[in-house]
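Asks: model the structure of this input:
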Amino acid sequence: MWFSNPPRETELTEKEKEVFKKIAQRIVDYRMTVPAILFLESVKPLNFIGSQALLFFQPIVQILFTTVEYDIFAASLEKRENLERFICVIEELDAEALASEKSS
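Replies: Residues are numbered from 1 along each chain as shown. Below is the predicted model of the structure:
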């Protein structure tokens, strides 16, 4: 793939990390980890278009998240490397949930 500007590795802000964790926790709570990861992995090449589509669905999603959180999430996913970071957060939370289920 070619880019007009080469991708830069940037760290997530604390607010972005918090929003990623909150959304990932909802995915894990609903037991949608595998479908979510499968979907996110399949749309990696289209992450910018997907982040713009998130803006289209904003009025509907405001039922689950605040506008500020949703805006942060959509803006974060414009950066290609953040999609992989979000997948990692989902995987970490899912591993924690599985470990707590096994210990119960």
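Asks: following the lowest-mean-pLDDT helix or strand in the chain, which helix or strand shows up next?
Replies: Ranked by mean pLDDT, DSSP states H and E, the weakest helix or strand in the chain is helix 47-56, scoring a mean of 82. Beyond helix 47-56 in the direction of the C-terminus, DSSP states H and E gives the next helix or strand as helix 58-61.
Asks: report all helices and strands that that next one contacts.
Replies: Judged by 3 or more C-beta pairs under 8 Å, 6 or more residues apart in numbering; DSSP states H and E, helix 58-61 is in contact with helix 67-76. From N, CA and C alone the C-beta is placed, and that goes for glycine too.
Asks: give the buried residues for the helix it packs on.
Replies: Buried positions in helix 67-76, judged by neighbour count with 16 or more other C-beta atoms under 10 Å: 69-70, 72-74, 76.
Asks: same check on stretch 86-104?
Replies: Within stretch 86-104, judged by 16+ other C-beta under 10 Å, the buried ones are 86-87, 89-90, 93-94.
Asks: stretch 20-34 too?
Replies: When neighbours are counted by 16+ other C-beta under 10 Å, the buried residues of stretch 20-34 are found to be 20, 23-25, 27-28, 33.
Asks: got those as JSON lines, with distance to residue 50 and secondary structure columns?
Replies: Putting the buried residues of stretch 20-34 into JSON lines (distance: C-beta to C-beta, whole Å; DSSP: H, G, I helix; E, B strand; the rest coil) gives the following:
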{"residue": "20", "distance to residue 50": "15", "secondary structure": "helix"}
{"residue": "23", "distance to residue 50": "14", "secondary structure": "helix"}
{"residue": "24", "distance to residue 50": "16", "secondary structure": "helix"}
{"residue": "25", "distance to residue 50": "21", "secondary structure": "helix"}
{"residue": "27", "distance to residue 50": "16", "secondary structure": "helix"}
{"residue": "28", "distance to residue 50": "20", "secondary structure": "helix"}
{"residue": "33", "distance to residue 50": "19", "secondary structure": "helix"}
